[in-house]
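Peer 1: all I have is the shape, not the residue letters:
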């Protein structure tokens, strides 16, 4: 029983880290970045390279973040910038971008599945059972990410500008906020977060050019259900992630994989604002 | 009775936008809704045309209660709503837009395009007056703002509505266009006996054509009376200038 | 049809030429290409349905592949479980139509309701093929799981006649689609795409129309899948997948959305090119597709056919159409408010416009 709870919490933490990047982009720019999966993969491969170079984990994570951030900044400048008036087209263009990145990675690294050693191996004795230490680290990582971002958004000037742009872009521009810069920064950070989450999850499974795809749909649905608020995202990850674990464990793992998508679609149908406060 | 509103309120969480709004309007009446920005005018229009918008209260259009019906059902009672920004179909031609407006009355063919467009006199008058009658095959995205407004009005009139809701229809129009518009509205009221509810900021325009004015302030009806009553009211002056009546110049 | 008699004539002529080409072609083309084209024809039918939903109605749908997949599996499952025969063929056909209709109606109810957004409809269209593929994976030997179904007996037709059947079927679907999309109903769909709220406030039940269009296009996509499996005698989960769904969208985007012809051009080009190139340069080909998609979205949103048309038509804002005549609506017999109105009409003569 406790295993299930821990699984649910750690899965929720994982989902939160993966979705937060997508949420930030959606909140500021109102577009869904379908290249998110590709940025996640970039992070995974950055971790692979880092591990092969023998870098300590404490350097690999920032490396992944920066790699993702650079990709994101370039993408925003070249592609996404022109599509703010056309959100559905932005979905398609970012999907194309995702294909391009995925293929470049395949050309560079090959198609095979590769593995990265976890920095923390083994289990930890936790409340009477042995649970994977690395998974527990996920929870800590999620909390750190949430704290850092809330801090950034409420404590810095960029964060303030970002919140202004989220609330009312035209007004923010009229008040002198350089919304173009905010968007660039946001997209870069969002992509960096995606890459960071990719690096974080590689020890849990494996690295291959399509590793991001299964997460994309779940992340996408979670972002839609959370309606743009970081807190609501955390709640959604806990609730829906928990449901996924419960269904996977007690019913059917395949159905479990569908839980988030189906529940989210239904929630949105019933309450279009999702879990966000009205 | 064309419009009946009883106890209409609209809340967004703890924010009350409309509170206890109550009024009626008959056919052949032109009712202007005025009030400072944020008074709730557009919200009121939305609550009249969409049964799911309001929080409390009852609304009846053309004698039929709107309950929680969606806008397309209410339109079929005999309601026409013209939006604030010219809301037409950009990739369609003028004639095609009008034909879409006639969908209620003339279901579209599955295999052919019709070359005949049946429009009521009011809509045709707008088309002729604005010059759109000569440009029926032009795509609407090439039209000027004023022409798009005229087109939208013609489309709404093509519905043959009994009740017409207009949200700041003169915004962006030239003086001459505004004058022409006033004539059209007057004709609609006297000749076709429409009930028109008009949200406007241009008080001269309002004074010229209204039979009645409702002043909305902070979500409540501050005054509901004839043009003279409202124009000379100290309360209205206070609402618009923010100065209490006693301090206002005599 | 807009354009009058000459336009109608040239349309018929084009259709006849295309049909003639389809009938004659197998004699000239090599077997490999014929094989590819047959599959491509069925895929093109599905692409046309994507164009109708997206190009004309404005719903970015990733889910038409699910309906294609239902057709594929309906045939495969029936023929695997019950063998091949007349009643089995009809049963499979019936199952295709019934299941696609039900799934489409359900999807439509979920996606299109007063207050829904195009983004939400896209989301739902995303979820449907994913759910379907998972169901296929968990179906054990009944659905063949991840390996799919293979080796079932199917219709016995020689290659050349399959080509003619598929090709003429595609032409038939295209002709019907073109006629309807160019009619007043097609204009109504475009109006839905351009401004849904305005349509609602003109008394049009946009949700009901969208659900109806989804159901009809789903039936066509299902039949396309049926044909595809009937020819290939293989069913694989990829036929129903989200990846295939996005592939269809890419075909329509590259070929030119909102033109029907564009969907065909895109589908045939990509299917044929994929077949020839993905053997030798698989990753590069996918890369080219990704880049092409980005380029099309950014610079050529109207796709190949759109660019071609613009060059041909020039950039005027006029549509070549017959003159439109205005006239007042007929007097109605029932004594409603309209009677009062009508009696005051000023008797305008018909006005013809250039």
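Peer 2: That came through fine. Keep in mind it's a predicted model, so treat the numbers as computed, not measured. Residues are numbered from 1 along each chain as shown, chains lettered A, B, ... in the order given.

Peer 1: leaving out chain neighbours, which residue sits closest to residue 69?
Peer 2: Defaulting to chain A. Nearest non-adjacent residue to residue A:69, counting by C-beta to C-beta, 6 or more residues apart in numbering or on different chains: residue A:192, 3.5 Å away. The way it works is simple: take the backbone N, C-alpha and C, and place the C-beta from them, glycine included.

Peer 1: you looked at the wrong chain, it should be chain B
Peer 2: residue B:51 (4.0 Å).

Peer 1: please apply the same query to residue B:218.
Peer 2: That would be residue B:39: by C-beta to C-beta, 6+ apart, it lies 6.4 Å from residue B:218.

Peer 1: give me the number of residues near that neighbour?
Peer 2: 23 (other C-beta atoms under 10 Å in any protein chain shown).

Peer 1: swap in residue B:138?
Peer 2: Neighbours around residue B:138, by other C-beta under 10 Å: 19.

Peer 1: circling back: residues contacting the residue nearest to residue B:218?
Peer 2: By C-beta atoms under 8 Å, 6 or more residues apart in numbering or on different chains, the contact list for residue B:39 reads B:216-219.

Peer 1: what's across from the residue positioned nearest the centre of chain B in the sheet?
Peer 2: Closest to where the C-alpha atoms of chain B average out (C-alpha atoms, centre = their mean) is residue B:166, at 1.5 Å. Residue B:166 has the following beta-bridge partners by DSSP bridges: residue B:82, residue B:198.

Peer 1: from residue C:201, how far out is it?
Peer 2: In this view, residue B:166 and residue C:201 are 12 Å apart by C-beta to C-beta, to the nearest Å.

Peer 1: where do the contact lists of the two overlap?
Peer 2: residue B:81.

Peer 1: where in chain B is pLDDT low?
Peer 2: Residue ranges of chain B with pLDDT under 70: B:240, B:242-250.

Peer 1: show me the strands in it, by range?
Peer 2: Using DSSP state E, the strands found in chain B span residues B:3-12, B:15-25, B:29-34, B:56-61, B:64-65, B:79-82, B:116-118, B:163-167, B:195-199, B:212-217, B:220-225.

Peer 1: if we can go back for a sec, which residues touch the residue nearest to residue A:69?
Peer 2: Residue A:192 neighbours (C-beta under 8 Å, 6+ apart): A:21, A:65-66, A:68-69, A:72.

Peer 1: same check, this time on residue C:91
Peer 2: C:78, C:82.

Peer 1: what about it, which SS state?
Peer 2: helix (DSSP: H, G, I helix; E, B strand; the rest coil).

Peer 1: from residue C:78, how far out is it?
Peer 2: Taken as C-beta to C-beta, the span from residue C:91 to residue C:78 is 5 Å.

Peer 1: again, but for residue A:107
Peer 2: 42 Å.

Peer 1: who has more neighbours, these two?
Peer 2: residue C:78 (23 against 14).

Peer 1: can you tell me the helix or strand for the more buried one?
Peer 2: Assigning secondary structure by DSSP states H and E places residue C:78 in helix C:64-82.

Peer 1: next, the buried residues of that helix.
Peer 2: C:64-80 (16 or more other C-beta atoms under 10 Å in any protein chain shown).

Peer 1: among these, which ones lie close to chain A?
Peer 2: Among these, not one lies near chain A by C-beta under 8 Å from any C-beta of the partner chain.

Peer 1: is the helix or strand hosting residue C:219 anywhere near chain A?
Peer 2: Following DSSP H and E, one finds residue C:219 within helix C:206-232. No. Using C-beta under 8 Å from any C-beta, we find that helix C:206-232 stays clear of chain A, coming within 12.5 Å at best.

Peer 1: run the chain-centre distance for that helix.
Peer 2: 8 Å (C-alpha atoms, centre = their mean, to the nearest Å).

Peer 1: can you name every helix or strand that it contacts?
Peer 2: helix C:31-51, helix C:64-82, helix C:86-111, helix C:159-182, helix C:184-194, helix C:196-200 (3 or more C-beta pairs under 8 Å, 6 or more residues apart in numbering or on different chains; DSSP states H and E).

Peer 1: could you give the angle of it to helix C:31-51?
Peer 2: Calculated by axes from the mean of the first three to the mean of the last three C-alpha atoms, to 10 degrees, helix C:206-232 forms an angle of 170 degrees with helix C:31-51.

Peer 1: count the neighbours of the residue of chain B found nearest chain A for me.
Peer 2: Per C-beta to the nearest C-beta, residue B:13 is where chain B lies closest to chain A, at 5.9 Å. Counted with other C-beta under 10 Å, the neighbours of residue B:13 add up to 7.

Peer 1: that one and chain C, how far apart?
Peer 2: The gap separating residue B:13 from chain C is 18 Å, by C-beta to the nearest C-beta, to the nearest Å.

Peer 1: thinking again about what came up before, buried among the contacts of residue B:39? Make that a PyMOL selection.
Peer 2: Filtering the contacts of residue B:39 down to the buried ones (16+ other C-beta under 10 Å) takes a single PyMOL command:
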select buried, chain B and resi 216+217+219
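
Peer 1: grab the nearest non-local neighbour of the residue nearest the centre of chain C.
Peer 2: Centrality entry for chain C: nearest residue to the mean C-alpha point is residue C:49, 1.2 Å, by C-alpha atoms, centre = their mean. Of all residues not flanking residue C:49 in the chain, residue C:217 sits nearest, at 3.8 Å (C-beta to C-beta, 6+ apart).

Peer 1: for the nearest residue to residue C:178 once chain neighbours are set aside, grab phi and psi.
Peer 2: Using C-beta to C-beta, 6+ apart and skipping residues adjacent in sequence, the residue nearest residue C:178 is residue C:260, 5.2 Å away. Torsion angles at residue C:260 (phi, psi; degrees, to the nearest 10) stand at phi 60, psi -50.

Peer 1: neighbours of residue C:260, how many?
Peer 2: 29.

Peer 1: give the next helix or strand downstream of the helix or strand bottoming out on mean pLDDT in chain A.
Peer 2: Ranking every helix and strand in chain A by mean pLDDT, DSSP states H and E puts strand A:123-126 at the bottom, with a mean of 71. From strand A:123-126 onward toward the C-terminus, using DSSP H and E, the following helix or strand is strand A:129-132.

Peer 1: does the residue nearest to the centre of chain B really touch residue B:194, like I thought?
Peer 2: No. Residue B:166 lies out of contact with residue B:194 (C-beta atoms under 8 Å); the separation is 10.6 Å.

Peer 1: host element of the residue lying closest to residue A:25 once chain neighbours are set aside?
Peer 2: Excluding its sequence neighbours, the residue lying closest to residue A:25 (C-beta to C-beta, 6+ apart) is residue A:190, at 4.0 Å. Assigned by DSSP H and E, residue A:190 belongs to helix A:179-201.

Peer 1: alright, calling it a day.
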